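1. Provided below for reference: sequence and predicted model.
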Amino acid sequence: MSGDEINPAAVAQAVEDVQGDDRWMSQHTRFVQECKDAEPEVLFIGDSMVQLMQQYEIWRELFSPLHALNFGIGGDTTCNVLWRLQNGELDNIRPKVTVVWVGTNNHEHSAEQVAGGILAIAQLLTSRLPKTKVVVLGLLARGDGPNPLREKNAAVNGFLRSWLPRLGQAQFLDVGVGFVHSDGTISTRDMFDFLHLTAAGYRAIAKPLSDLLLQILDETPEEKRASLV
Amino acid sequence: MHHIANASLTDKVMSSGDSNPAATPTPCVDIQGDGRWMSLHNHFVSNSKDKEPDVLFVGDSLVQLLHQFEVWRELFSPLHALNFGVGGDETQHVLWRLSNGELAHISPKVVVLWVGTHNHGHTAEQICGGIMAIVQLIKDKLPKAYTLVLGVLPRGKMPNPLRERNAQVNKLVKEAVSSLPHASLLNVDPGFVHSDGSISHQDLYDFLHLTPQGYQAVCQPLHAHLKGLLEKQAEN
């Protein structure tokens, strides 16, 4: 982003309680409390794509064993994630890897702005947690057939592919391969509402993700004693 | 006597589309840009063409998400159930979907209806009217079907106006169906609200949607009740 324009997708913003049961703040408060008790090696943060993953078996199989925390909130935009990270959800924890998956709900923003918002999140993470590696997951295609949101999400991914490597500790992982069939459709077997993943859909993305996490965790030095050769 | 006369007038007003937005069939307008609501509706209509379900679940995200977990395969697939849940749907959206093809090709014996919690901006009376409009529509289209309305669950971590609204909806619906032979209300809340007024994220992971554990607690009694209903329908 050039010049002095502020990117609205990079402005931290809490979700206002318009419905009347204050659920967003309740979830945020619970996550802040979890930071006091837990010592996660991996932190997942983002929107419903992150949140829903924890409800499926795959979470217990592949990510609980990695001591992962899940701070996903359905509906969140990059602005909401930024606010949460600035307001307690990084306190007292030192995850070795942070997985960021957010952006598909940023309906008011352009692809470039959304990518800028995600970049701002990655920058915040690396400045608050200098030793953490950041893995940014690409936005998935959505909708039954080709539509403007698929193009937008693909454009976001394009920006991220070129911008993220400039942050030494951040990398981009495309987990969306294979969801769009040759006829341009997405199956409800993978995304039950053409947006959110089924158990099968999560299984498909979890494998490459967990492989990458294991690799990073493996490479990340513990407090190593000098080896006596 | 006077009270009963007033109550039925209100019921008529509230379940007619003229003055109750919650009872006026309304499709969801695609504001996001990927047409998913209509895609799902079309998918349900075409999906129903070669199926012969005994049970149809219809409603909002509480219904939709149920389809994604093991509990569906354990308890409801064996009953030959179809799932027409759409996240975010309010009563008027379900009314539109059922009026526009989702009941055209099937004759389930029981329709399980679970909707109302997302009707923001509507009063409990309006939401009840919306639910009763759906009950009436099902009766019109499927004269032999039984409609089981599930009570709307409490929500939010602590006591709040939406819990009161949902409880009032359940109370009003229960009264409204009490005189109907083809419908009833089942309270499926196993006691999610603890003595301190809180709801646990282990049951409702975002204080609205059910975890697999939450679904088990809701669905075991629901399943038993459904089996009883199906047996009774078979006898008729």
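-> Structure's in. What do you need? Numbering: from 1, shown residues only, chains lettered A, B, ... in the order given.
2. how many neighbours does residue A:20 have?
-> Using other CB atoms under 10 Å in any protein chain shown, residue A:20 has 15 other residues around it. C-betas here are computed from N, CA, C, even on glycine.
3. over to residue B:30?
-> When neighbours are counted by other CB under 10 Å, residue B:30 comes out with 14.
4. do you know how far it is from residue A:143?
-> Taking CB to CB, to the nearest Å as the measure, residue B:30 falls 10 Å from residue A:143.
5. for residue A:82, same thing?
-> Using CB to CB, residue A:82 is found at 26 Å from residue A:143.
6. go on, residue B:27?
-> Residue B:27 sits at a distance of 17 Å from residue A:143 (criterion: CB to CB).
7. shared neighbours, residue B:30 and residue A:143?
-> When contacts are counted by CB atoms under 8 Å, 6 or more residues apart in numbering or on different chains, residue B:30 and residue A:143 have residue B:36 as shared neighbours.
8. report the contact partners of residue 31.
-> No chain was given, so I picked chain A. A:69, A:71, A:84, A:88, A:89.
9. chain B is the one I meant
-> Counting by CB under 8 Å, 6+ apart, residue B:31 touches residue A:107.
10. isn't residue A:88 right up against residue A:35?
-> Yes - with contact defined as CB atoms under 8 Å, residue A:88 reaches residue A:35; the gap is 6.8 Å.
11. which residues of chain A lie near chain B?
-> Counting by CB under 8 Å from any CB of the partner chain, chain A comes close to chain B at A:18-23, A:26-27, A:30, A:51, A:54-57, A:73-74, A:107, A:142-145, A:147-150, A:188, A:192-196, A:198-199.
12. of those, buried ones?
-> Neighbour-count burial within the residues of chain A next to chain B applies to A:19, A:21-23, A:26-27, A:51, A:54-56, A:73-74, A:142-144, A:147, A:149-150, A:188, A:192-196, A:198; the criterion is 16 or more other CB atoms under 10 Å in any protein chain shown.
13. low-confidence regions, chain B specifically.
-> B:1-13, B:15-18, B:236 (pLDDT under 70).
14. packing partners of the host helix or strand of residue A:213?
-> Assignment of secondary structure by DSSP states H and E places residue A:213 within helix A:199-219. For helix A:199-219, the packing partners by 3 or more CB pairs under 8 Å, 6 or more residues apart in numbering or on different chains; DSSP states H and E come out as helix A:48-53, helix A:57-58, strand A:97-101, strand A:133-137, strand A:170-173.
15. what is the second one packed up against?
-> With contacts defined as 3+ CB pairs under 8 Å, 6+ apart, helix A:57-58 has these neighbours: helix A:199-219.
16. what comes up buried for the helix it packs on?
-> Buried positions in helix A:199-219, judged by neighbour count with 16+ other CB under 10 Å: A:201, A:202, A:203, A:204, A:205, A:206, A:209, A:210, A:212, A:213, A:216, A:217.
17. can you redo the residues you listed as JSON lines with pLDDT?
-> Shown next, in JSON lines, are those (pLDDT from 0 to 100):
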{"residue": "A:201", "pLDDT": "98"}
{"residue": "A:202", "pLDDT": "98"}
{"residue": "A:203", "pLDDT": "97"}
{"residue": "A:204", "pLDDT": "97"}
{"residue": "A:205", "pLDDT": "97"}
{"residue": "A:206", "pLDDT": "96"}
{"residue": "A:209", "pLDDT": "98"}
{"residue": "A:210", "pLDDT": "97"}
{"residue": "A:212", "pLDDT": "97"}
{"residue": "A:213", "pLDDT": "97"}
{"residue": "A:216", "pLDDT": "96"}
{"residue": "A:217", "pLDDT": "95"}
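18. list just the nearest of those to residue B:147.
-> Distance to residue B:147, by CB to CB, is smallest for residue A:201 among the buried residues of helix A:199-219, at 32.2 Å.
19. who touches the residue nearest to residue B:177 when sequence neighbours are not counted in this structure?
-> Nearest non-adjacent residue to residue B:177, counting by CB to CB, 6 or more residues apart in numbering or on different chains: residue B:183, 4.6 Å away. Residues counted as contacts of residue B:183 (CB under 8 Å, 6+ apart) are B:135, B:139, B:146, B:147, B:148, B:149, B:177.
20. the third one contacts residue B:111, correct?
-> Spelled out, it's residue B:146. Yes - Residue B:146 lies in contact with residue B:111 (CB under 8 Å); the separation is 7.4 Å.
21. quick one: which of the two has more around it?
-> Between residue B:146 and residue B:111, counted using other CB under 10 Å, the more crowded position is residue B:111 (27 against 24).
22. counting by contacts, list what the host helix or strand of that one packs against.
-> Element membership for residue B:111 (DSSP H and E) is strand B:110-114. Applying 3+ CB pairs under 8 Å, 6+ apart, we find strand B:110-114 packed against strand B:55-59, helix B:61-66, helix B:124-141, strand B:146-150, helix B:212-235.
23. same thing but at 6 Å, please
-> Helices and strands touching strand B:110-114, by 3 or more CB pairs under 6 Å, 6 or more residues apart in numbering or on different chains; DSSP states H and E, are strand B:55-59, strand B:146-150.
24. relative to strand B:146-150, how tilted is the first one?
-> This means strand B:55-59. With axes from the mean of the first three to the mean of the last three CA atoms, to 10 degrees applied, the angle from strand B:55-59 to strand B:146-150 works out at 40 degrees.
25. just how off-centre is strand B:55-59 within its chain?
-> Remark: strand B:55-59 is offset 8 Å from the chain centroid, using CA atoms, centre = their mean, to the nearest Å.
26. so what are the sheet partners of it and their directions?
-> As defined by DSSP bridges, the strand partners of strand B:55-59 come to strand B:81-85 (parallel), strand B:110-114 (parallel).
27. right, so those strands: which one is the most enclosed?
-> The highest mean neighbour count among the strands paired with strand B:55-59, using mean count of other CB atoms under 10 Å in any protein chain shown, belongs to strand B:110-114: a mean of 25.
28. ok, what's across the strand from the spatially most central residue of chain B?
-> Per CA atoms, centre = their mean, the C-alpha nearest to the average position across chain B is that of residue B:114, at 1.6 Å. In this entry, residue B:114 is beta-bridged to residue B:59, by DSSP bridges.
29. separation between it and residue B:200?
-> Counting by CB to CB, the separation of residue B:114 from residue B:200 is 21 Å.
30. likewise for residue A:116?
-> Counting by CB to CB - residue A:116 and residue B:200 are separated by 38 Å.
31. who has more neighbours out of the two?
-> Remark: of residue A:116 and residue B:200, residue A:116 carries more neighbours, 22 against 15, as counted by other CB under 10 Å.
32. could you pull up the residues touching residue 28?
-> Using chain A. residue A:84 (CB atoms under 6 Å, 6 or more residues apart in numbering or on different chains).
33. the intended chain is chain B.
-> So residue B:28 contacts B:37, B:93 (CB under 6 Å, 6+ apart).
34. so it: helix, strand or coil?
-> coil (DSSP: H, G, I helix; E, B strand; the rest coil).
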